[in-house]
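Enquirer: all I have is the shape, not the residue letters:
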């Protein structure tokens, strides 16, 4: 019998055995079942690795669901899931494949950076400065930073770009590129020229002491250059002359910028709040903000900075990994360790490299969300990525030192042990004291949290977060891992109800009188913002500024003693009271009892529109003026007019809800976005 006949006979035997096990007697039916199964398997293999992992781990636990349901402690739940997952070959291979998979956005030509840099040199010689900037920037971002040669390419491109900035007298941009070139290990034999340029920038900026240090460093670096002895002497003579000029020079006084340009006076214990807002506690509504005095329309009540951020997968090449600002490609910086992360400045790059970025670059978690069939990233819950960043941005020892992280204090932020104590936005007590609602969670929800915690744990092992390990796929946890898994579990529970989108807006979509068309760039945890309660008719508006900050402004007069409220994206203008109650209960685990719910405010189309004739005329005139001045670029005047529109209604004692209050609020938020908001 031939080899082909033997193989066919073996296949028939296997087919017969499978039909017997499945209880199928008709070969045609078996063929149909097998075809459908293969189709389903092929479809599943195109799903992102994270989704396949989650599904497989759920299936494993379901086989012994009673065992999981009998567990009460979070650490025991995670330990159980981890053991079953790491004993499963499919789970381990799926993680390994996702980690080793090529990142579709990381393809790069090894020669492209040098080609772009040479083209930039030619443009610079021809005095085509903008073209040179663009070409050098392309060279910066096309260098393979994962290799030593690529880092050198990047440093050379950054140094050349700094020369263009120097010529254009953009000294701060020049210094930033020089500092980045140094970080990327600019060649030692050429370093004297770069530091000389740095010194000249420092002189131009009035940084005399720094300039002296740089010039003296150049003298020392000449020994490492390839310059002939006589040329070195010429350099030394010129450098000595420059230092002589600086002997009588003094440093230019530093600009004393206020720490917060929006808040003239801040709350002494929570400095992200204005002094007009205080935190209070009531058993019925929990922690909430109250006005300590009358707050006028348009007055800033809060400027909060995120304590944890993460970009969407789809914005990692356009926005800063650290601060989330849209990157200007002619000033932006690449990651020193991975091709798919970028920064708006050297400062942001250094801050990231000193904390979370080395671990995250080894993991490259975005690959876990790549959809092969659609050839794009699936944007998963912000909870996943924010929890991940909340861990990676702090060292392991920090969490090991926090042993009472799950003792949630409902009074945190309201009462302090000392009058001098402050609640800064970066304080992790903000995160640990988030309400988790664990007592309301079903076993299915606890299983989901356990699976996610297990995936986090394995990825953190691979990234070296726990130090060097023989394998990332061990089925048992170390003492440090046991402690951290409890924190990961707890953080996920809190973030679930408290994350916010970070948006930017295209300036072309703003008119001054309509709602801004925003685009989500990522998620953030704003620790002060989340202290404010929801209202379906909130008395504030907010917008994202400076990348990872949020600015909150009163949209009408808030009287002393009145609650300062936020809106969680569920507003009376667009949803019925029943729809709002259902959405808030499912998404945020509470029932709302704000005035809009108590009085069943109508939606926008049904709002009252009647006004006294004189008030209507004045209101319409101001709105028309805003539209015209917005077009002319007089945005500060537009903002002033938008406040006057709302004040006109208030002084005319027009009761709310009313359509014109909402029209005034639209003008207010549109002007605020134009003046201060994140831009695309």
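Expert: Yep, it's here. These figures come from a predicted structure and were not determined experimentally.
Enquirer: quick one: secondary structure of residue 105?
Expert: Three-state assignment for residue 105 (DSSP: H, G, I helix; E, B strand; the rest coil): coil.
Enquirer: hmm, it is touching residue 342, no?
Expert: No. Using C-beta atoms under 8 Å, residue 105 makes no contact with residue 342, being 11.1 Å away. Quick note: C-beta positions are derived from backbone N, CA and C, even for glycine.
Enquirer: what touches both of the two?
Expert: 316, 317 (C-beta atoms under 8 Å, 6 or more residues apart in numbering).
Enquirer: more neighbours: those two, which one.
Expert: More neighbours surround residue 342 than the other of residue 105 and residue 342, with 24 against 16 (other C-beta atoms under 10 Å).
Enquirer: ok, for residue 474, nearest residue in space, not its chain neighbours?
Expert: In space, and not counting its chain neighbours, residue 474 is closest to residue 86: 6.4 Å by C-beta to C-beta, 6 or more residues apart in numbering.
Enquirer: what's the local residue count around the one you found?
Expert: 19.
Enquirer: likewise for residue 230?
Expert: With other C-beta under 10 Å as criterion, residue 230 counts 7.
Enquirer: separation between residue 363 and residue 481?
Expert: Using C-beta to C-beta, to the nearest Å, residue 363 is found at 16 Å from residue 481.
Enquirer: buried sites along stretch 181-196?
Expert: Across stretch 181-196, burial judged by 16 or more other C-beta atoms under 10 Å covers 181, 182, 183, 184, 186, 190, 191, 192, 193, 194, 195, 196.
Enquirer: sorry, slip of the keys, the one I care about is stretch 261-278.
Expert: 262-263, 266-267, 269-274, 276-278.
Enquirer: could I get the residues you listed as CSV with pLDDT?
Expert: Shown next, in CSV, are the buried residues of stretch 261-278 (pLDDT from 0 to 100):
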residue, pLDDT
262, 93
263, 93
266, 95
267, 94
269, 93
270, 95
271, 95
272, 96
273, 97
274, 97
276, 97
277, 97
278, 96
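Enquirer: can you read off the pLDDT for the residue nearest to residue 474?
Expert: At residue 86, the model reports a pLDDT of 97.
Enquirer: could you do the one 4 residues further on as well?
Expert: According to the model's per-residue confidence, residue 90 sits at a pLDDT of 95.
Enquirer: that one contacts residue 56, doesn't it?
Expert: Yes. With contact defined as C-beta under 8 Å, residue 90 counts as touching residue 56 (5.7 Å).
Enquirer: next structured bit after the one helix or strand in the chain whose mean pLDDT sits lowest?
Expert: Lowest on mean pLDDT, DSSP states H and E among the helices and strands of the chain sits helix 27-45, with a mean of 60. For helix 27-45, the succeeding helix or strand toward the C-terminus, using DSSP states H and E, is helix 49-63.
Enquirer: show me which residues of that following helix are buried.
Expert: 49, 50, 52, 53, 54, 56, 57, 60, 61.
Enquirer: ditto for stretch 276-288
Expert: Buried residues in stretch 276-288 (16+ other C-beta under 10 Å): 276, 277, 278, 279, 287, 288.
Enquirer: helix, strand or coil for residue 587?
Expert: helix.
Enquirer: and the gap between it and residue 568?
Expert: Taking C-beta to C-beta, one finds residue 587 at 8 Å from residue 568.
Enquirer: out of those two, which sits in the busier spot?
Expert: A direct count of neighbours by other C-beta under 10 Å for residue 587 and residue 568 places residue 568 higher, at 22 against 13.
Enquirer: what's near enough to touch the more buried one?
Expert: 534, 584, 587, 588.
Enquirer: now the last one. Nearest residue, chain neighbours left out?
Expert: Read that as residue 588. The nearest residue in space to residue 588 (C-beta to C-beta, 6+ apart) is residue 497, at 5.3 Å.
Enquirer: swap in the second one?
Expert: Distances taken as C-beta to C-beta, 6+ apart put residue 592 closest to residue 584, at 5.2 Å, once the chain neighbours are dropped.
Enquirer: I'd guessed the one you found sits against residue 534; true?
Expert: Yes. Residue 592 is within contact range of residue 534, at 6.3 Å (criterion: C-beta under 8 Å).
Enquirer: which residues are in contact with both of the two?
Expert: residue 584.
Enquirer: tell me which of the two has more neighbours.
Expert: A direct count of neighbours by other C-beta under 10 Å for residue 592 and residue 534 places residue 592 higher, at 21 against 18.
Enquirer: all strands of this protein, in order?
Expert: Taking DSSP state E as the criterion, the chain contains strands spanning 277-282, 286-291, 300-305, 308-311, 333-334, 342-343, 370-371, 376-377, 500-505, 518-525, 540-545, 549-554, 563-564.
Enquirer: centre of the chain versus the last one, how much separation?
Expert: For strand 563-564, the distance between its averaged C-alpha position and the chain's averaged C-alpha position is 28 Å (C-alpha atoms, centre = their mean, to the nearest Å).
Enquirer: out of the buried residues of stretch 276-288, which two sit at the greatest distance?
Expert: Spatially, the most separated pair among these is 276 and 287, at 17.4 Å (C-beta to C-beta).
Enquirer: ramachandran angles for residue 354?
Expert: phi -80, psi 0 (degrees, to the nearest 10).
Enquirer: what's around it, how many residues?
Expert: Residue 354 has 10 nearby residues by other C-beta under 10 Å.
Enquirer: report the separation between it and residue 336.
Expert: Distance from residue 354 to residue 336, by C-beta to C-beta: 12 Å.
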